[in-house]
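In: heads up, no residue letters with this:
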């Protein structure tokens, strides 16, 4: 009782006040047997290929391809982290709405990767643009760089499609 006669409210127990983690995906190796797990693996595989291909083209247009590199490297590591959290079972130990986090992550990465795909396609389309290099007019991209950029554009599109499919599956889980 307090000085005024009113009872003192008890402090809430933090373990009781937080809801249990909400996740509908399986945890551990079973996630690899789902469509979502397969798409995350494909995102990592194809995203790594985009990263390698853009880097191997010697980045002739750093303003455009710098963003592509940033998105592909960042998405690669975060998708790898996302998969490792599910494989290790950490989702059961972290109190969060994992269905919403899955949706939000794939939405943001889908938007960024779609922009990166468009920039890579724009960089590839500049193949026939000629620039003046000390009295010689040379194409902006040589044939090898052009071929590597075409492959990077294709894999960026495939990676974007994988993130789009993961986004659709995550939306379905988040809002049944």
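Out: Good, I have the coordinates. Model, not experiment: these values are computed from the prediction.
In: so where do the strands sit in this protein?
Out: 130-133, 136-139 (DSSP state E).
In: I'd like to know which of these has the weakest mean confidence.
Out: Per-stretch mean pLDDT for the strands of the chain is lowest at strand 130-133 (a mean of 56).
In: quick one, what contacts the spatially closest residue to residue 58 that is not a sequence neighbour?
Out: Sequence neighbours aside, residue 145 is the residue nearest to residue 58 in space, at 6.8 Å (criterion: CB to CB, 6 or more residues apart in numbering). C-beta coordinates here come from the backbone N, C-alpha and C atoms, glycine included. Residue 145 makes contacts with 57-58, 60, as judged by CB atoms under 8 Å, 6 or more residues apart in numbering.
In: Any of those residues buried? List them.
Out: Using 16 or more other CB atoms under 10 Å as the burial test, the contacts of residue 145 include residue 57 as buried.
In: any idea which of the contacts of residue 145 is closest to residue 29?
Out: residue 57 (36.3 Å; CB to CB).
In: Touching, the closest one and residue 149? I think so.
Out: Yes: Residue 57 is in contact with residue 149 according to CB atoms under 8 Å; the separation is 5.5 Å.
In: before we move on, back to that, could you report the separation of the residue nearest to residue 58 from residue 175?
Out: According to CB to CB, to the nearest Å, residue 145 and residue 175 sit 44 Å apart.
In: chain center to the longest helix along the chain, what's the gap?
Out: Using DSSP state H to define each element, the chain has its longest helix at helix 143-174. Its chain's C-alpha centre and that of helix 143-174 lie 10 Å apart, by CA atoms, centre = their mean, to the nearest Å.
In: Could you list the buried residues of it?
Out: 145-146, 148-167, 169-170, 173-174.
In: Having no further points to raise, I will conclude here.
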